[in-house]
Every structure is written in C-alpha cells, then in structure tokens.
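>>> no sequence for this one, just the structure:
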DNA sequence: ATGAATTATTGGCATATGCCACTATTTTAA
DNA sequence: TTAAAATAGTGGCATATGCCAATAATTCAT
C-alpha cells in the first residue's frame, strides 16, 4: 500500500511526480555522493558534454528548465572549475558552455557511479517498466499546454 | 521527437523524472497562480487537511520529504496565516499541524483551480495513462533502496 | 531515579528552480 | 541609418529540498 496513508494526494499527478522525484533523487544523490556531485549536476555536466559547446538557451530548452535557473545551477559548477562559459564570437548575446578538463574527468568519475544507481534502480523497478516510464515522462516534457483545449 | 535533441539524457530515469516534474510543475503552478499558492503549497495544505492534525513527521513520511525540508516549506504558509502548529500535549517533542480558517478557505479556492489543471493535463496525456503513471510513481516512492540487492 | 540512547524538530548552509526586471546585442522596420 | 522590437543572459528575490549539527523531550537500562 506504500506509505500513502491518506487519500487524495495519490490522485494528483503533479504531487505524485514530485514525490517520486524526491525519492529517486535522494537515491541517485546518495550513490553519486562519493564524486562530490549531486545527480542534477552530473546530469547537467553530461548534457553539456554531449552538446557541442551548447548555448545556455539550448541547454535550458533540452532540460525544460528556466534559463535563469540554469544560470544559477551552473554557478557552483563554474566556481568549482568543472565548467566554463564564453561568448559566441558571431553573436555576442549568446553564451556557450563547455566542460573544463577537470570537468571531463569529474564527469567520467560520476558516470561510473551513475551506472550503479541506474542499474540498481532498474533492477528493483524493472528495466521494461523503467523504459516505459521514461517514455511517458518524455511525453509530458513535450506537452504543449498553451495549445487551446482540443475542440470537442 | 520531443525537444531532447541530444542522446543520453533520455536514458537517465532520474533526469527524466526531474524534467517532467519541472514541466508539469510549471503548468500546475500557472493554473494555481490566481490563488497565490504554488502547487507544492496547495498539495501541502491538502495533505494537512486530510490528515487529522498530523505531526510534522507523519506529513514528511507521507510526502517522502525530509523533515527539515517540510519545516522550511511550512514557513511561508505559517507566515501567511494558512497553517499553524502546536505541541502535542501528550508528547511535547511532537508538533502537530492544522489549517487555520483562512487556510481552509484558501485550500477550497485552490482546489477548484487544481481540478482545472488536473483535468486539462489528463485530457492531454490520457486519463488511463495518467493513472498508470501515478501507480508507477507510487511504486517508486515506496521502494526500499536500503535492502540489499536481490541475491542472485 | 539517572544518565545514556532515542525521537522529533529546528536552524544554518547549500543547491534547485522560477519569475520579473534590467542589460547587452542583434535584427527590423521606416 | 536609426529607433523600435526581438533575443539571450544576468541578478535579485522567493520557494523547494536536503544534510548536518544542535536542542528539547521521552524512554530505557542499570
């Protein structure tokens, strides 16, 4: 029956999503702890890594994250020397982001731990189920709430 | 194909969960905005409402939330007069929480908006799919990562 | 009964995220 | 070309969350 003693809460898609995110986040964070990175930071480093010196805006869009929030989140990573930003010579409004050599090293280190967390979770939750969950979550991230409600 | 242009990220259960949470959170927040409450606050008020003057610990457990985090989150709600805490006379270590009259009024107001968000989302995502998603999320919230990996 | 564990919270510090106002650039329309 | 409009970020302020170190109150072992 899970720990949800009380009713209602279990009906709210948003509340359930947040709750599961807290739980899973703690787990991934715990496993990643030896690297000194939080799961969010590891994910961000990875996103920067796979991007080709992506712009702030591109990262924010990919992560469905507010641009200013991304800026804030990037700060500790810049402070710790894992990431650096630089103006795009062609359009100086744009700032591109890249990993420093230490950032690449740290990411490699963290990825090993990430695999442990990822595997452990999928072992418990089910690999198939995890895959369909991710598909559903991807759908949600792609929803366009601005479009007018489907005309009946 | 959703906005995930780059690979990898889509494989991390935790990252996908966070991303979807950001997206859905923004939507519910937007719809709830007229009430002056964030979706997290509405959910918290609701949880307090359905509980029987629940203790901080009970709420934190139900929401799979750190006790201190709950304390922090409760502050603006107390400050705004929606919630109040009081020591349990039987065990004074324990603090119980309840809604104030204004809190109850505000919750009613917010619930109407919540229904709009909830319905709109389920209309777009699918009512069935939302139900199975919530079930999956409930499973995750109930996982016990401390238990040793299943012995082969 | 008493001091040693245990339990329930709070406070301080740090990251995660969002909104809004403001700045810097670039693009567009006259 | 020059001012208005659009684009990309930054900074300030506020909530969301977590960890760890107190603090307060209760329970327990001797």
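It's in. These numbers come from a predicted model, not from an experiment.

>>> wait, a strand at residue A:84?
Yes. Counting by DSSP: H, G, I helix; E, B strand; the rest coil, residue A:84 is part of a strand.

>>> contacts only, for it.
By Cβ atoms under 8 Å, 6 or more residues apart in numbering or on different chains, the residues touching residue A:84 are A:78, A:97, A:98, A:100. Quick note: C-beta positions are derived from backbone N, CA and C, even for glycine.

>>> what's the answer for residue A:85, then?
A:56, A:74, A:78, A:95, A:96, A:97, A:98.

>>> what's the spacing between residue A:13 and residue B:25?
Per Cβ to Cβ, to the nearest Å, residue A:13 is found 11 Å from residue B:25.

>>> more neighbours, those two?
Legend: neighbour count by other Cβ atoms under 10 Å in any protein chain shown for residue A:13 and residue B:25, higher for residue A:13 (22 against 18).

>>> I figured that one hits residue B:122, correct?
Yes. Here residue A:13 lies in contact with residue B:122, judged by Cβ atoms under 8 Å, at a distance of 7.3 Å.

>>> do the longest helix anywhere in chain A and chain B meet?
Counting by DSSP state H, the longest helix found in chain A is helix A:101-125. Yes. Against chain B, helix A:101-125 shows contacts by Cβ under 8 Å from any Cβ of the partner chain at A:114, A:117, A:118, A:120, A:121, A:122, A:123, A:124, A:125.

>>> need the residues of chain A near DNA strand C, please.
Applying Cβ under 7 Å from any atom of the strand, we find that chain A lies next to DNA strand C at A:38, A:40-41, A:64-66, A:68-69, A:72-73, A:76, A:91-93.

>>> now list the buried members of the residues you listed.
Among the residues of chain A next to DNA strand C, those buried by neighbour count (16 or more other Cβ atoms under 10 Å in any protein chain shown) are A:38, A:40, A:41, A:64, A:65, A:73.

>>> where do the contact lists of residue A:13 and residue B:122 overlap?
Residues touching both residue A:13 and residue B:122 (Cβ under 8 Å, 6+ apart): residue B:130.

>>> buried set for the longest helix of chain A?
A:103, A:106-107, A:109-111, A:113-114, A:117-118, A:121, A:124-125.

>>> what's that helix in contact with?
By Cβ under 8 Å, 6+ apart, the surrounding residues in contact with helix A:101-125 are A:24, A:27-28, A:30-32, A:34-37, A:39, A:42, A:45-46, A:48-49, A:77, A:81-83, A:99, A:130, A:133, B:11-14, B:139-140, B:143, B:145, B:149-150.

>>> same thing but 7 Å
Helix A:101-125 has contacts (Cβ atoms under 7 Å, 6 or more residues apart in numbering or on different chains) with A:27-28, A:31-32, A:34-35, A:37, A:42, A:45-46, A:49, A:81-83, A:99, A:130, B:12-13, B:139-140, B:143, B:149-150.

>>> now secondary structure and distance to chain B too, for the buried ones among the residues of chain A next to DNA strand C, in CSV please.
Output for those, formatted as CSV (DSSP: H, G, I helix; E, B strand; the rest coil; distance: Cβ to the nearest Cβ, whole Å):
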residue, secondary structure, distance to chain B
A:38, coil, 10
A:40, helix, 7
A:41, helix, 11
A:64, coil, 5
A:65, coil, 6
A:73, helix, 11
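
>>> adding distance to residue B:87 and pLDDT, write these out as TSV.
Formatted as TSV, those follow (distance: Cβ to Cβ, whole Å; pLDDT from 0 to 100):
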residue	distance to residue B:87	pLDDT
A:38	35	98
A:40	36	98
A:41	39	98
A:64	42	97
A:65	41	97
A:73	38	98
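
>>> distance to DNA strand D added to those residues, as CSV?
Shown next, in CSV, are these (distance: Cβ to the nearest atom of the strand, whole Å):
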residue, distance to DNA strand D
A:38, 9
A:40, 11
A:41, 13
A:64, 15
A:65, 11
A:73, 11
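
>>> tell me the one of those residues nearest residue A:19?
When these are ranked by distance to residue A:19 (Cβ to Cβ), residue A:40 comes first, at 17.2 Å.

>>> how close does the closest one get to residue A:61?
Taking Cβ to Cβ, one finds residue A:40 at 17 Å from residue A:61.

>>> same thing with residue A:75?
In this structure, residue A:75 and residue A:61 are 20 Å apart, going by Cβ to Cβ.

>>> returning to that earlier point: taking the contacts of helix A:101-125, please make a ChimeraX selection of just the buried ones.
Under the burial definition 16+ other Cβ under 10 Å, those of the contacts of helix A:101-125 that qualify are selected in ChimeraX by:
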select /A:27,28,31,32,35,37,42,45,46,49,82,83,99,130 /B:12,13,139,140,143
